[in-house]
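Visitor: my questions are about this predicted structure, shown below with the sequence.
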Amino acid sequence: MNTIRSTITLLLGTLLLLSALTLSSRQAEAKVYLDITASGSRKINMAVPWFTNTAQSGELQAFGRDLATTLEKALEFHGIISIIPNQNYSASRNPDWKQLGADYAILGTYSMSPSGVIFEMRLLDVAGGDMILSKQYTGATEQKQEIIFKFCDSVIKELTGEQGIASSQIAFIADSSGAKEAYLTNIFGDKIRQVTRHRNLVVSPRFTPNGQSLSYTSYHKGNQNLYITNLNQSTSTQVLSKRKGMNLGPAWSPDGQRMILTLSKDGNPDLYLLDRQGNILEQLTSRSGINVSAAWSPDGTTIAFVSDRSGKPQIYLMDIRSKNAKRLTFKGTENAEPSWSPKGDLLAYSSLTNGSYQICTIAPQEGATAVQVTKDASHHESPDWSPDGKQLIFSQRVGGNQKIYAILKNGSYQRQIFSIKGNQTSPRWSSKK
């Protein structure tokens, strides 16, 4: 019996030791992600040699160069990566990456097949010498950009823990056709699609939470009506609200089943809760000034909105259940256009400060201090968050025109993201694909 008891004790001890060693090993191997938006962090140095054709090994071709260039631009768009110029290593795929100062290198190949193109891309960790990500895709030649974007988003997730935003889309209003219409584009602005053709004023584009539809307000029927259109064009455009006066917004609930709209059917612009079909469920404000620009928190419990009930437009928070509203912003002459970050920890908005509109952020809590993100003297309006919550997009006045700009939330890497004729305003970023 003693022998059996001793054996059992030994086995249990061994199992506990193995369990502890396994846990320790897992903890040691836990993924450590990079936070490049933190103060004082440097950008990641990345090398992306031209892709090679596996059927013609060693040959550098224009197609492979274009693939690498597209990937470089998509990586750089995230604001956390610095690309090592290809000429620094003479397009070689096997230089001394450490000597070049690379943190990572991406090695890509492609080959033609009857079904299209087969792409293979690998991410190399230079310090450890390990291949930490490998992906293979098959698609038509015309899908090459979409495939490169998909891989770019995987690389960003591998490095930061957050899915990249290269595959996201941006909606905006432009007047290049002669009227203000809604448009859709990728992050480069090289695949622009006109969504509306009303030949009249279109305002306030808003993606539904799943990114499959776009709602907007149009004046083409003589009233400020609210419409929604399926971006896959699988269904026709529908009218959601055509009540007399304003039908402006809307702020979609996180599940996409309800919306908050500004209606002026009774004279005063007030906020109303509507269902997905446009039926009024509840009135949220009642004649306490002009109430517009609702934004729904990601957890669905709170809305931010703009009201001039205190004399000037300011941002307020309302508990969606109790309907209690509290003023959030106090700094700045006027504060408007709130946009809730995907994580719910910040609100971005435009603030009239020293004669110009600047983009600011503030935590959605009483007594929070606002942080000014943009600094230059021009006007910055209509901010909206990137799907990963790391960047802001907005319209900025450049000379006599308004253009679309982006900036990291820490105030760095401000740049115009694309350039087309005329004015572009009211940008909105789609959710992740």
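Guide: Received it, and whenever you're ready, just let me know what you need.

Visitor: and residue 182, what does it touch?
Guide: Taking C-beta atoms under 8 Å, 6 or more residues apart in numbering, we find residue 182 in contact with 171, 172, 173, 194, 195, 196, 202, 205, 214, 216. C-beta coordinates here come from the backbone N, C-alpha and C atoms, glycine included.

Visitor: and with 10 Å instead?
Guide: Residue 182 sits next to 171-174, 193-198, 202-205, 214-218, 227, 229, 426, 428 when contact means C-beta atoms under 10 Å, 6 or more residues apart in numbering.

Visitor: just the buried residues of those.
Guide: For the contacts of residue 182, a neighbour count by 16 or more other C-beta atoms under 10 Å gives the buried set as 171-174, 195-196, 198, 202, 204-205, 214-218, 227, 229, 426, 428.

Visitor: for the most centrally placed residue in the chain, give its distance to residue 374.
Guide: By C-alpha atoms, centre = their mean, the chain has its centre lying nearest to residue 386, at 2.1 Å. Using C-beta to C-beta, to the nearest Å, residue 386 is found at 16 Å from residue 374.

Visitor: thought residue 44 was touching residue 159?
Guide: Yes - the pair residue 44 / residue 159 is scored as a contact, 6.7 Å apart, by C-beta atoms under 10 Å.

Visitor: which of these two has more neighbours?
Guide: Per other C-beta atoms under 10 Å, whichever of residue 44 and residue 159 has more neighbours is residue 159, with 24 against 20.

Visitor: who's in contact with that one?
Guide: 33-34, 36, 44, 46, 75, 78, 80-81, 103-104, 123, 125, 132-133.

Visitor: give me the element it is part of.
Guide: Counting by DSSP states H and E, the element that carries residue 159 is helix 144-160.

Visitor: by contact count, what packs against whichever helix or strand comes after that helix?
Guide: Proceeding N to C from helix 144-160, the next assigned helix or strand is strand 170-174, under DSSP H and E. In terms of contacts (3 or more C-beta pairs under 10 Å, 6 or more residues apart in numbering; DSSP states H and E), strand 170-174 is packed against strand 181-185, strand 202-207, strand 213-218, strand 380-385, strand 391-398, strand 401-408, strand 424-429.

Visitor: could you redo the last one with a cut-off of 6 Å?
Guide: With contacts taken as 3 or more C-beta pairs under 6 Å, 6 or more residues apart in numbering; DSSP states H and E, strand 170-174 sits against strand 181-185, strand 424-429.

Visitor: I'd like these as CSV, with distance to residue 397 and mean pLDDT appended.
Guide: CSV is the format used below for those (distance: least, C-beta to C-beta, whole Å; pLDDT from 0 to 100):
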stretch, distance to residue 397, mean pLDDT
strand 181-185, 19, 97
strand 424-429, 10, 97
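
Visitor: can you say which of the ones you listed is packed in most?
Guide: Most buried of the helices and strands packed on strand 170-174, by mean neighbour count (mean count of other C-beta atoms under 10 Å): strand 424-429, with a mean of 24.

Visitor: now the angle from it to strand 380-385?
Guide: 10 degrees (axes from the mean of the first three to the mean of the last three C-alpha atoms, to 10 degrees).

Visitor: hmm, who's touching stretch 241-252?
Guide: Under the criterion C-beta atoms under 6 Å, 6 or more residues apart in numbering, residues 204, 208-209, 217, 224-226, 259-265, 269, 278, 294-296 lie in contact with stretch 241-252.

Visitor: try stretch 275-285
Guide: Defining contact as C-beta under 6 Å, 6+ apart, one finds that stretch 275-285 is touched by 240, 241, 257, 258, 270, 271, 272, 273, 274, 291.

Visitor: what's the burial count for the last one?
Guide: When you say that, I think you mean residue 291. Around residue 291 sit 26 other residues, with neighbours defined as other C-beta under 10 Å.

Visitor: just grab the bridge partners of it for me.
Guide: residue 307 (DSSP bridges).

Visitor: which ones are touching it?
Guide: By C-beta under 6 Å, 6+ apart, the contact list for residue 291 reads 269, 270, 271, 285, 305, 307.

Visitor: and of those, the nearest to residue 62?
Guide: Taking C-beta to C-beta as the measure, residue 305 is the one of those closest to residue 62, at 52.0 Å.

Visitor: looking at it, that closest one is touching residue 294, isn't it?
Guide: Yes - contact criterion C-beta atoms under 6 Å: residue 305 and residue 294 qualify, at 4.5 Å.

Visitor: in strands, which of the contacts of residue 291 fall?
Guide: 270, 271, 305, 307 (DSSP state E).

Visitor: now do the closest residue in space to residue 186 that isn't next to it in sequence, the pLDDT please.
Guide: Excluding the flanking residues, the one nearest residue 186 by C-beta to C-beta, 6 or more residues apart in numbering is residue 169, at 6.3 Å. On the pLDDT scale, residue 169 is placed at 97.
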